[in-house]
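In: Give me coordinates for this.
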Amino acid sequence: MYHQVSPSPHPAFRRYTVTAREFSRQMRWLATLGYQTIDMDTLVQARVGGGSLPKRPVVITFDDGYQGCVDHAVPILRAHKFTAVFFLVAGLMGETSRWMLPELGVEFSLMSWATARVLVAEGFQCGGHTVTHPRLAGLDAARCRAELADGRRLIEEELRQPVTHLAYPFGSYDPAARGIAAESGYVTACSTRPGLSGPDDDLLALRRVTIYGHDSLIDFAWRLQTGWSVREHLGQAYTAVTQHLSPES
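Out: From the prediction side, this is the model:
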């Protein structure tokens, strides 16, 4: 899971911005190790028993639809013949990520519908990310339904193809939002639950591996295998050991 890709990360969003140079190194690493990108349709077909996966499959996702990802990530993906999934905020296409202003005081340009159509024509996949990017957990049912169903409808109208894949904004969802996502016609929904997505993962709350702006290439490689960075993995191991050695355990 990526958010922004930029040669000059904004300090307020540095945690979620990967530089173009680092993104290039990461994609080269995937290619060197023989990873093959797949889209969400291929994943679903394999999970429900109707299709097969390559030996080393990976789904590359981008939340929010930033123009920076089009400018700096897409050329690198094209060079490696990789595909990716872009989750779009349907009501703000061609505008800015104004949902970020209250908390971060910054906003970024979002791709236009024309740009999204070009990506689809080249084989990239687009999914839903609601209409305005709210936190869905705790949202009243009518507003949640409008965000999910209307967002899906808008993308289908503009791109003229079915949209059955969703990413929850901020990773925020609850059982009610999950149910409304299913009612609205989504087959999958990506969460921000960390870790690798195995065969038994909930299709409407899929795990993803977040790639952070501060990740080293070693962290990236470690995440590919475990879902965690080296530091996170060692921290978990240390916690497990200390709990085991605790006199109260």
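In: When you work out contacts or count neighbours from here on, use the C-alpha atoms and nothing else.
Out: Will do.
In: The longest strand belonging to the chain pairs with which strands?
Out: Ordering each strand of the chain by length in residues (DSSP state E) puts strand 188-194 first. According to DSSP bridges, strand 188-194 has the following sheet partners: strand 165-167 (parallel), strand 206-208 (parallel).
In: what residues does it touch?
Out: Residues from elsewhere that reach strand 188-194 (CA atoms under 8 Å, 6 or more residues apart in numbering): 40, 44, 164-168, 170-172, 181, 203-210, 227-228.
In: Could you report the pLDDT at Glu158?
Out: Predicted confidence (pLDDT) at Glu158: the value is 98.
In: can you check Tyr238 too?
Out: pLDDT, Tyr238: 45.
In: Offset the numbering so it begins at 51, please.
Out: All right, first residue 51 from here; so that's Tyr288.
In: how about the strands in this protein?
Out: Using DSSP E, strands in the chain cover 54-55, 67-68, 86-87, 107-108, 111-114, 135-138, 175-178, 215-217, 238-244, 256-258.
In: need the ones you listed in a markdown table with distance to Met77, can you?
Out: Shown next, in a markdown table, are the strands of the chain (distance: least, CA to CA, whole Å):
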| stretch | distance to Met77 |
| --- | --- |
| strand 54-55 | 13 |
| strand 67-68 | 12 |
| strand 86-87 | 10 |
| strand 107-108 | 11 |
| strand 111-114 | 13 |
| strand 135-138 | 15 |
| strand 175-178 | 18 |
| strand 215-217 | 22 |
| strand 238-244 | 20 |
| strand 256-258 | 17 |
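In: average pLDDT for stretch 59-75?
Out: Per-residue scores along stretch 59-75 average to 97.
In: Kindly report the same for stretch 105-119.
Out: Mean predicted lDDT for stretch 105-119 stands at 97.
In: Only alpha carbons, please: show that stretch as CSV.
Out: Taking Å, rounded to 0.1, in the frame of the first residue of the first chain, the C-alpha atoms of stretch 105-119 are listed here in CSV:
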residue,chain,number,x,y,z
LYS,A,105,4.6,-18.1,-8.1
ARG,A,106,5.3,-14.7,-6.5
PRO,A,107,2.2,-12.6,-6.8
VAL,A,108,1.9,-9.0,-5.5
VAL,A,109,-0.8,-6.4,-5.7
ILE,A,110,0.5,-2.9,-5.7
THR,A,111,-2.1,-0.4,-4.5
PHE,A,112,-2.2,3.4,-4.3
ASP,A,113,-4.8,5.1,-2.0
ASP,A,114,-6.3,8.5,-2.8
GLY,A,115,-5.3,9.0,-6.5
TYR,A,116,-2.6,11.6,-6.1
GLN,A,117,-1.3,13.1,-9.4
GLY,A,118,2.2,12.7,-7.9
CYS,A,119,1.8,8.9,-8.2
